[in-house]
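Asker: need a 3D model of the sequence below.
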Amino acid sequence: MANPRTPAAKAAVSGAAMKNPQRHKARNVPKGTRALGQPYARMTPGQVEAWEEFREELPWLNSAHRALLQLACVLRDRLNNDPEMGVNALSAYSSILSKLAATPVDETKVGTPDGEDEDPTDQFFRARPH
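Answerer: All right, here's what the predicted structure looks like:
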């Protein structure tokens, strides 16, 4: 089975589009997507904190990811408050992270272009220390 396609925004942020421009040249970019936006008003403070962490960690997220991101935030907040949460919840969390292209496996599929030690845009996407 073929690897899933890297979204165009993630390819641009990660450098994959520069590393292999032919692969990403004819990629259709979804039209009408907006920025990720603010967290849902009904989210708890812990879920809002998770939202902001995801926003910093995954700069390619946009409005199309909001529903999945909300689920990820609920589960991350639950994990932070209840490390004994069940296997089913952990499995769901892992699945959602994968769908958001936020797992170590996804990270290994997209690297920085050869010959560059650091991407010039890294200064804009680094997470702030906690």
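Asker: go through this structure and flag its longest helix.
Answerer: Identified as the longest helix of the chain according to DSSP state H is helix 66-81.
Asker: list the buried ones in it?
Answerer: Neighbour counts over helix 66-81 (16 or more other C-beta atoms under 10 Å) mark 69-70, 72-78 as buried. All C-beta spots, glycine's among them, are computed from the backbone N, C-alpha and C.
Asker: and the spatially most central residue of the chain, what is it in contact with?
Answerer: By C-alpha atoms, centre = their mean, the chain has its centre lying nearest to Leu58, at 3.5 Å. Residues in contact with Leu58 (C-beta atoms under 8 Å, 6 or more residues apart in numbering) are 100-102.
Asker: try Met85
Answerer: Counted by C-beta under 8 Å, 6+ apart, Met85 has contacts 78-79.
Asker: doesn't it fall inside a helix?
Answerer: No: going by DSSP: H, G, I helix; E, B strand; the rest coil, the assignment for Met85 is coil, not a helix.
Asker: give me the pLDDT for it.
Answerer: Met85 is assigned 89 on the pLDDT scale.
Asker: related to what we said a few turns ago, what is the longest helix of the chain packed up against?
Answerer: Where contact means 3 or more C-beta pairs under 8 Å, 6 or more residues apart in numbering; DSSP states H and E, helix 66-81 is packed against helix 45-57, helix 87-99.
Asker: tell me the most buried of those?
Answerer: When the helices and strands packed on helix 66-81 are scored by mean count of other C-beta atoms under 10 Å, the highest mean neighbour count falls to helix 45-57 (a mean of 16).
Asker: relative to helix 87-99, how tilted is that one?
Answerer: With axes from the mean of the first three to the mean of the last three C-alpha atoms, to 10 degrees defining the directions, helix 45-57 sits at 30 degrees from helix 87-99.
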